[in-house]
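Asker: Give me coordinates for this.
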Amino acid sequence: MGPGALQRGDACRGRRPAPEGAELSGLPPVGPWAGTLVRAAVEVLTGSRPTAQLARWLSAELYESLARRAGLAVRILGRPNPALCARVRKVRCTEVRPGVHEAAVVVHDGVRIRAAAVRVECHRGRWRATALEIG
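Answerer: I've put the predicted structure just below:
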């Protein structure tokens with residue numbers, strides 16, 4: 001078997017073959033992409049951005065979780081001041097394996113400084129977040 005080939009039982013464990021070099025070469029740099037994603041997710045949580053705008057960037061499970069949390073935040077906190085926009089302060093990335101990165105992002109939401117951790121994986125030639133934690 002060649003590199004990146006699925007081993008017996010990999011499908012049961014959720015592993016995917018490593019992306020090829022050509023697939024990774026066309027991707028944007030992961031650091032700025034992760035920063036933009038976290039900024040957009042914070043804007044969703046503050047109610048200043050619709051959750052649907054992030055659908056193509058998130059795995060299905062992560063999208064559902066973010067939509068649920070955003071709906072709860074709007075019900076509890078009410079509608080936000082639209083003049084407030086999130087700004088990324090710092091991004092630190094590390095490559096877990098080819099096509100998989102994890103990033104720590106510091107973002108200011110207009111009121112608070114928040115920390116976030118995001119796992120980004122190459123999926124069909126584009127980055128897609130598979131895990132996101134925002135404090």
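
Asker: Could you list the low-pLDDT ranges of this structure?
Answerer: When residues are selected by pLDDT under 70, those of the chain lie in 1-24, 74, 78-84.

Asker: Now with 90, please.
Answerer: Within the chain, the stretches with pLDDT under 90 are 1-28, 43-51, 69-86, 109-112, 123-125, 135.

Asker: Next, the buried residues of stretch 58-68.
Answerer: Using 16 or more other C-beta atoms under 10 Å as the test for burial, stretch 58-68 gives Leu58, Ser59, Leu62, Tyr63, Leu66, Ala67. From N, CA and C alone the C-beta is placed, and that goes for glycine too.

Asker: Out of those, which two sit at the greatest distance?
Answerer: Spatially, the most separated pair among these is Ser59 and Ala67, at 12.6 Å (C-beta to C-beta).

Asker: mind listing what the closest residue to Ala115 other than its chain neighbours touches?
Answerer: With C-beta to C-beta, 6 or more residues apart in numbering as the criterion, Ala115 has its nearest non-adjacent residue at 4.8 Å, and that residue is Gly135. Listed by C-beta atoms under 8 Å, 6 or more residues apart in numbering, the contact set of Gly135 reads Arg114, Ala115, Ala116.
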